[in-house]
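> Turn this into a structure:
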Amino acid sequence: MADDAGPGGFAQRLGAEVERADDGSARIRFEAREEHLNPAGTLHGGVLATLVDTAMGTAVRSTVEDDVPATSQLTVTYLRPGRPGTVEVTARVRTRGEHLTVCEADVEQDGRSLAHAVATFALLHG
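Here you go, the predicted model:
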């Protein structure tokens, strides 16, 4: 995938940009703005969940040709609150099976971990 390509769908509407996707890994960059905050003034957990899901799905897509990854399970562990500014998500395929693939992702802002996620993707034959 080309640098600065949009991830498509909802994540692209949020403003997420794919920086890199190759051979089972992906990196997404996101500029968190005021509109992405929750009532407490921190980055909304749903935004982070969208970012990790998108990054992991992108990582899986970099390893398949015709199969379409569909999230079947997603666990996000929130480590500290995010704020407006640059957020980076790095995802990688951990285990690729014939029908299921397990990924993990880390979210960082200013060199500090905001969240860690693990997901299982079903591979739908296209």
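
> All the helices of this protein, in order from the start?
In the chain, the helices defined using DSSP state H lie at 9-14, 45-61.

> from the middle of its chain, how far away would stretch 108-123 be?
7 Å (Cα atoms, centre = their mean, to the nearest Å).

> follow-up on the earlier one: with mean pLDDT, mean neighbour count and distance to A32 as extra columns, can I get the helices of the chain in TSV?
Heads up, the C-betas are built off the backbone N, CA and C, glycines and all. Formatted as TSV, the helices of the chain follow (pLDDT from 0 to 100; neighbours: other Cβ atoms under 10 Å; distance: least, Cβ to Cβ, whole Å):
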stretch	mean pLDDT	mean neighbour count	distance to A32
helix 9-14	82	15	9
helix 45-61	95	23	7
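
> would you list these in a markdown table and tack on distance to D22?
Below are the helices of the chain laid out as a markdown table (distance: least, Cβ to Cβ, whole Å):
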| stretch | distance to D22 |
| --- | --- |
| helix 9-14 | 18 |
| helix 45-61 | 9 |
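
> among those helices, which is nearest R20?
Of all these, it is helix 45-61 that lies closest to R20, at 9.3 Å by Cβ to Cβ.

> Burial check on A115, number of neighbours?
By the measure other Cβ atoms under 10 Å, the count of residues near A115 is 23.

> Settle this for me: it is touching Y78, isn't it.
Yes: counting by Cβ atoms under 8 Å, Y78 is a contact partner of A115 at 5.1 Å.

> list residues touching both of those two?
The contact sets of A115 and Y78 overlap at L48 (Cβ atoms under 8 Å, 6 or more residues apart in numbering).
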